[in-house]
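Q: generate coordinates for the sequence data below:
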Amino acid sequence: MQAFREHYQKNGWIVTDTSEGYLTRKRASNGAAICIHGGTTGTVVVVLDGRYVIVANVGDSSLLLCGSGGDVHMQPMEQWAPMGAMLPPPRSITGSEVKQGAPSTLKRFTSRGQRGEIDIALSEYSLKADQLSACSELSRDHGPECTSEFLRMREFRPNPKTPSIPALSFVYDTLTASKLQCPPIFQVAQGTTGEVVTRTGRGTYYKNVRNEWATLVATPAEASYQDALAFTRSIGDLHLQAYGVSHRPEIGWVDLLSYTVTPPGASTPSPTAVSGPIVLCACSDGVWDNWKFEDVSNFLLHPGRVEFALKHETSQACCVDLMQANLERARVNFGSSADNMTAVLAYMVPRTPKLAHTVSGTGIADKEGDVKLG
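A: Residues are numbered from 1 along each chain as shown. This is a model prediction of the structure:
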């Protein structure tokens, strides 16, 4: 809030705090007040002890685990109790131990592609993975079609006229100017065993290539200012937080060496462990709008990209590959209205003899127990 206030005051606006916790601005003391909008999504990923991945997110900047073998069952932080997952005690670091820059800033590699990317021929690489390239979304769903978010917002601020729905409208977006005219996402009815909340499925257009409906949460007719957002949690968007949009992340964790996964096409989850190269891929929706998740997984787990990342201990060139490919897709799918795009990659491989001998020069040790980051 303070950052918003300082920004507008610096540019000559009079900024006022409202009783509901958001800010308004106006040019003169007798001028009309304008609601201050703005916010962002956020995803934080921590890899602890070389095996535990902890994910905290708000909004739709999703984290994908490529090479998971299927749908990974994340654990809530309330169940965080892995043995030996404690950080070592802090110690002082001498000047001789400080490295001048990360590998991605110290090393530059000749790229052979016309667009600056790696020119990869599958026949040039020996690395093979027996792990399925199936992937799993590790971040939580904060889209308006999420039933738990609908119920959370209803509890935070119910509609005063219809308490069975939230004050904030959950709607399928249309091309009309007023979001009040958009069809609702949920309908609530009383069944024989209690309340039943179902999706209406009345979407009008898809927001991405995965054929997901364009959806919004929108302020009600009686709101002082009209506002809408494509997700239910955000850092910022203070006006909508007065209706239940939350800045609080949902946090989960998974042990990469021992987790439960439901393989593609299966209905029963089963224990598994990483047995081949994997990639942690965190992107904003300007990337996810243009890909099916399995296509991203296949792209990043190409043996050439995996071996390149592990040999050089950086995923920078592979990230350039992904962004160049995404730019082309965005131009085709959205033209000049393509969204801004951000991507962060981390290539990882288990420290097992089975994979160590296939990647020469990577420094992969022949020991069990954790994974190596590239």
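
Q: domain map for this protein?
A: 2-36, 42-79+103-140+250-373, 147-230 (automatic domain parsing).

Q: so which of these is nearest Leu238?
A: Of all the domains of the chain, it is domain 2-36 that lies closest to Leu238, at 3.9 Å by C-beta to C-beta. Any C-beta I mention is one placed from the backbone N, CA and C, and that applies to glycine too.

Q: first-to-last residue distance for that closest one?
A: 12 Å (C-alpha to C-alpha, to the nearest Å).

Q: and it, which residues are buried?
A: Buried residues in domain 2-36, counted by 16 or more other C-beta atoms under 10 Å: 4-5, 8, 13, 15, 18, 22-25, 35-36.

Q: now secondary structure and distance to Phe156 too, for these, in TSV please.
A: Output for those, formatted as TSV (DSSP: H, G, I helix; E, B strand; the rest coil; distance: C-beta to C-beta, whole Å):
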residue	secondary structure	distance to Phe156
Phe4	helix	22
Arg5	helix	24
Tyr8	helix	27
Trp13	coil	30
Val15	strand	26
Thr18	coil	18
Tyr22	coil	15
Leu23	strand	20
Thr24	strand	22
Arg25	strand	26
Cys35	strand	20
Ile36	coil	21
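
Q: show me which of the residues you listed is closest to Met341.
A: Phe4 (24.5 Å).

Q: any low-confidence regions in this protein?
A: 82-132, 351-374 (pLDDT under 70).

Q: residues in contact with Trp213?
A: The neighbours of Trp213, taking C-beta atoms under 8 Å, 6 or more residues apart in numbering as the test, are 145, 172-173, 203-207.

Q: show me which of these is closest to Glu294.
A: Within the contacts of Trp213, the smallest distance to Glu294 is 17.4 Å, found for Tyr206 (C-beta to C-beta).

Q: need the contact list for that closest one.
A: Here Tyr206 is in contact with 212-214 (criterion: C-beta under 8 Å, 6+ apart).

Q: just say helix, strand or coil for Ala330.
A: Under the three-state scheme (DSSP: H, G, I helix; E, B strand; the rest coil), Ala330 adopts helix.

Q: can you tell me the closest non-neighbouring residue to it?
A: Using C-beta to C-beta, 6 or more residues apart in numbering and skipping residues adjacent in sequence, the residue nearest Ala330 is Ala338, 3.7 Å away.
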